[in-house]
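Asker: just a sequence and a predicted model for now, questions to come.
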Amino acid sequence: MRQDAEKDARIVSIVGLGNPGKQYEGTRHNAGFRVVDLLAQKYSVTLQERKFRASWGTGEIEGRKVLLFKPLTFMNRSGEVVAEMLRYFGTPPAEMLVIQDDLDLPCGSIRLVRGGGAGGHRGILSLIQHLGQQGFPRLKLGIGRPMHEEPVETYVLQNPCKEQQQEFTDMIQHATEVVQVAISSGLDYAMNQFNR
């Protein structure tokens, strides 16, 4: 039974959600991209753009072979290329950890979950539609709700405000540690450690 639990929780693909292009680099919506970039830098993984409409590469993280993946189809169509990638590598959705921004979590907070609905997140909605299921693990990065009554669509495509900048940067750094633990020790262990 324990072996099955470990097998189920094994993470082999890390998918960061975001939008391609210089103008989106520092935005709240690109939190997932930033975590993947930081992991690639830390573990010397070269991200390439071939075969898929994505920036991706494989490398070793915590002694395990892992795929780092950033869809370049824009957020609302992330599911198209992620489904393609999972089919190509023969990876079940349960072995993929998706990193997303989350409006319903306060800025700077992190939550690791096994699945669930899209909660209004169009990138996650696209994944659910193209994978035909919602049971894939996610690392949710809190960006908070708009503070100045701006529309959500505007808010997510803005850089964090001055008051949030440090919290946001610390959260991206912290998220890389969560990913490392999820890879090395499994999802359950990481959830127990970080969902406090």
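Answerer: Received the coordinates, thanks. Numbers count the residues shown, from 1 in each chain.
Asker: just checking, what packs against the top helix by length along the chain?
Answerer: Across the chain, the longest stretch assigned as helix under DSSP state H is helix 162-185. Using 3 or more C-beta pairs under 8 Å, 6 or more residues apart in numbering; DSSP states H and E, the elements in contact with helix 162-185 are helix 31-42, strand 54-61, strand 64-71, strand 96-102, strand 110-113, strand 138-142, helix 187-194. No exception for glycine: its C-beta is placed from N, CA and C like everyone else's.
Asker: for the closest residue to R114 other than its chain neighbours, give its distance to Y24.
Answerer: Spatial nearest neighbour of R114, chain neighbours left out: P137 (5.5 Å); criterion: C-beta to C-beta, 6 or more residues apart in numbering. For P137, the distance to Y24 equals 25 Å [C-beta to C-beta, to the nearest Å].
Asker: who's more crowded, the two?
Answerer: Using other C-beta atoms under 10 Å, the more surrounded residue of P137 and Y24 is P137, with 21 against 18.
Asker: tell me how far the more buried one lies from V179.
Answerer: 11 Å.
Asker: what about the nearest residue to V81 once chain neighbours are set aside, how many neighbours?
Answerer: What sits nearest to V81 in space, not counting adjacent residues and going by C-beta to C-beta, 6+ apart, is P71, at 4.5 Å. When neighbours are defined as other C-beta under 10 Å, P71 has 30 of them.
Asker: the one 3 residues further on too?
Answerer: F74: 16 surrounding residues under other C-beta under 10 Å.
Asker: just Q23 next, same as before
Answerer: 9.
Asker: what distance do you get for it to N159?
Answerer: For Q23, the distance to N159 equals 10 Å [C-beta to C-beta].
Asker: picking that back up, out of the helices and strands packed on helix 162-185, which gets nearest to F168?
Answerer: In terms of C-beta to C-beta, the element of the helices and strands packed on helix 162-185 nearest to F168 is helix 31-42, at 7.6 Å.
Asker: and that closest one, what's buried?
Answerer: Neighbour-count burial for helix 31-42 flags 31-40 (criterion: 16 or more other C-beta atoms under 10 Å).
Asker: what distance separates it from the centre of its chain?
Answerer: 9 Å (C-alpha atoms, centre = their mean, to the nearest Å).
Asker: then it to PDB, C-alphas only?
Answerer: The C-alpha trace of helix 31-42 is given here as PDB (Å, rounded to 0.1, in the frame of the first residue of the first chain):
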ATOM      1  CA  ALA A  31       4.200  33.400 -11.200                       C
ATOM      2  CA  GLY A  32       4.300  29.800 -12.600                       C
ATOM      3  CA  PHE A  33       6.800  30.800 -15.300                       C
ATOM      4  CA  ARG A  34       9.000  32.500 -12.700                       C
ATOM      5  CA  VAL A  35       9.200  29.400 -10.500                       C
ATOM      6  CA  VAL A  36      10.100  27.200 -13.500                       C
ATOM      7  CA  ASP A  37      12.800  29.700 -14.600                       C
ATOM      8  CA  LEU A  38      14.300  29.700 -11.100                       C
ATOM      9  CA  LEU A  39      14.300  25.900 -10.900                       C
ATOM     10  CA  ALA A  40      16.000  25.800 -14.400                       C
ATOM     11  CA  GLN A  41      18.600  28.200 -13.200                       C
ATOM     12  CA  LYS A  42      19.200  26.500  -9.900                       C
END
